[in-house]
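J.: Just need the structure, nothing else, for what follows:
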Amino acid sequence: MVAKLVLRPPHSLPLSTLPSKFLIFPKIPSLPKRFLIVSLFSATAAAQTHPQISNPNNSSYFYGPSLRKGTHPLTLRSHPPFTKTEDDFDDDDLFNEDSFSRVFDIAALRVPAKDCFALESRLRGHLLNWPRIRNIGRVPGDEVEAELAELLANQGSDLEDENALASLNRRMYGKSEGDGEPLSPVLYREKLAKTFDSRGYVKFRNLARMSRPNQRKKRGDEEGEGGEGKKRWGKSEFSVLEVVDDEEGEGEGEDLKGLLGDEFEGRRKWRGSTRLLLLDERYAKKGVEELPEAIKVVMKENTRTSMRPAFELVRCKLTVFYEYWQMNEILEALLPEGMIVPSAFETVGHIAHLNLRDEHLPYKKLIAKVILDKNKPKIQTVVNKIDAIHNDYRTMQLEVLAGNRSLVTTVVENGLRFHVDLATVYWNSRLATERQRLVNSFTRKDVVCDVFTGVGPIAVSAARIVKRVYANDLNPNAIEYLERNSVINKLERKIKVFNMDGRRFIGAMFASDKAKSITQVVMNLPNDAAEYLDAFQGILVDRPTEEEFTLPMIHVYGFSKAQDPEFDFHQRIRIALSEAAVDVEMRRVRLVAPGKWMLCASFILPKSVAYAKPTLDM
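T.: Take a look at the predicted model:
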């Protein structure tokens, strides 16, 4: 976490001793300006459509950070209604990310760094408990090298404190209180170097390192600001913590910059590295007497041991940016009130696959941008399915909404890598568990016949276990990716690939000499697979009856919207096989839509079906 702090000089009173009228907040520093919010309605309409944004004090959000709470650091200019549609704007112009910045007033205990963790454990129940915000704030301008910290005497009596501070001031400024005029800069630096040498700093480079800012860090900060003068704290940062102080101490830390660097904005009589223990938001505007007893006891104990307390109660402003808020919070604020937030999507490699409802379509690019922003770098492309699957190749009609336009990606499933092009082949990541369950039921002696293999998620996975896999698909693009996936997973020697119709493939396999070895048949085409079962009728009728033949186990998938989906699917299997006595093991795979189940039926091919004689049409 990066904190920007304005530190009080040590000779001023601790904030805990100041009357409440002095606990004032300075003006919020201006944040970078960007594009105004661009939506499908005017600013006035937006205020009516999103009352949750315009009412930050909504009592239903009494605890924790919320877009309905806090104050906005920016003053947005009103703009006329837009006559353009969403498609007329670039993805970056859909809305202003800075409009989601919120400022929260909180209180904090400023404590020495060495006492921070012990005090945190003691007061943990009273500290800020916000997700993604640590309850310890660092003070980078107040840090110091370990060697310089050794110059500070151990705090004992108040007289020792005064002597330690006077000694430190003489080393830093060349004088202390009552010492007369300061030395010239040249004499001061020379004396300072000698003083450090007398305490063991033999090499001047140690002093040079402390007295000059870190150039590499400074350059990085300048680059992070961007070309528009945008003062943000890096792509990975989502909050900034500032100490709100009286203006009396501003500018009084200039003399320390020569020693601690230009970034130091601290107190004149510096007393070591400190941390901020962020207190619960309920204590933000309360006085010392209104704080929990545990905090008051800590401060009283600290005051009793020293006239100059090391613990101070300070007021802070915590600014959280667009990066802080989760996807659902952003979408809830942007979409009209009452609209269901589309928070679920399927992930295929670097692609987020949405199935948006009709009510979401006017906001599809806005939704896609938020999903892309909140899931980077894992998600680089957001697509929406615009039509059901009707073609023989099972390819989906997809519209790219955000990110790069490439639909070629790599999926890692069960330790295997699969190359997939969603524009030309079918893939469903939600079936990964079912595919693994099926593959785990195979043994080393099995020979698998995958009738509708696609790019090979079952065939390639099974090849690691079984003796042999015969994989087929009608889609030539799927076959191309199947061959590629077999090679990249080093299983091409165990997979034989075919490109033909499902019925023709079944007939060809059981008419060949490979028929005896086939023990498992997988038919993963839920929409039509049951209708292909008629290809097994009389499949072995031409085989000699005395020939020993092991009938294969068939795994067929299907959909059912019936009230009793198992009975319905079982009936369809019986009709396709023209056999009433079929012992089927049925299981529900997943609910694909309200009232629509995907099922898997496993059964051994009945001998009466395999040796059935073809009927002659009269």
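
J.: Just the pLDDT at the closest residue to Ala113 other than its chain neighbours, thanks.
T.: Leaving aside its chain neighbours, Ala113 sits nearest to Ser273 (4.1 Å; criterion: Cβ to Cβ, 6 or more residues apart in numbering). Every C-beta, even on glycine, is put in place using the N, C-alpha and C of the backbone. Confidence at Ser273, expressed as pLDDT, is 79.

J.: Tell me how far Ser273 lies from Leu279.
T.: According to Cβ to Cβ, to the nearest Å, Ser273 stands 20 Å off from Leu279.

J.: next one: Asn489
T.: The value you get for Asn489 to Leu279, if Cβ to Cβ is used, is 55 Å.

J.: Looking at those two, which is more packed in?
T.: Neighbours were counted for Asn489 and for Leu279 using other Cβ atoms under 10 Å; Leu279 has more, 23 against 18.

J.: now the more buried one, nearest residue through space, not along the chain?
T.: Ala107 (4.7 Å).

J.: Contact partners for that neighbour?
T.: The contact partners of Ala107, taken as Cβ atoms under 8 Å, 6 or more residues apart in numbering, are 279, 283-286, 313-316.

J.: give me phi/psi at it?
T.: Dihedral pair for Ala107: phi -110, psi 160, per degrees, to the nearest 10.

J.: got it, and the one 4 residues further on?
T.: Dihedral angles of Val111 (phi, psi; degrees, to the nearest 10) stand at phi -130, psi 160.

J.: Check what pLDDT the closest residue to it other than its chain neighbours gets.
T.: Nearest residue to Val111, sequence neighbours excluded (Cβ to Cβ, 6+ apart): Phe311, at 5.2 Å. Looking at Phe311, its pLDDT reads 82.

J.: okay but Phe311 is in contact with Ala108, surely?
T.: No: counting by Cβ atoms under 8 Å, Phe311 sits too far from Ala108 to count as a contact (10.6 Å).

J.: which one of those two has more residues nearby?
T.: Using other Cβ under 10 Å as the criterion, Phe311 and Ala108 rank with Ala108 on top: 27 against 22.

J.: For the more buried one, give me its contacts.
T.: Applying Cβ under 8 Å, 6+ apart, the residues contacting Ala108 are 137, 243, 276-279, 313-316.

J.: Kindly report the same for Gln436.
T.: Going by Cβ under 8 Å, 6+ apart, the list of residues near Gln436 reads 414, 461.

J.: wouldn't Ser429 be in contact with Thr347 here?
T.: Yes: using Cβ under 8 Å, Ser429 is in contact with Thr347, at 6.1 Å.

J.: Which parts of this protein belong to which domain?
T.: If you go by automatic domain parsing, the domain ranges for the chain are 2-101+324-403, 104-320, 428-610.

J.: Ends of the longest one, what's the gap?
T.: What it means is domain 104-320. 8 Å (Cα to Cα, to the nearest Å).

J.: what's the answer for the last one, then?
T.: One end of domain 428-610 sits 32 Å from the other (Cα to Cα).

J.: what's the neighbour count on the residue nearest to Ala113?
T.: If you count neighbours by other Cβ under 10 Å, Ser273 ends up with 19.

J.: do Asp115 as well
T.: Residues near Asp115, counting by other Cβ under 10 Å, number 17.

J.: Excluding chain neighbours, what is closest to it?
T.: Counting by Cβ to Cβ, 6+ apart, the residue nearest Asp115 is Ala310, at 7.2 Å.

J.: Okay, the one you found and Leu241: tell me how far apart.
T.: According to Cβ to Cβ, Ala310 and Leu241 sit 20 Å apart.

J.: do you know how far the residue nearest to Val111 is from Val412?
T.: Distance from Phe311 to Val412, by Cβ to Cβ: 51 Å.
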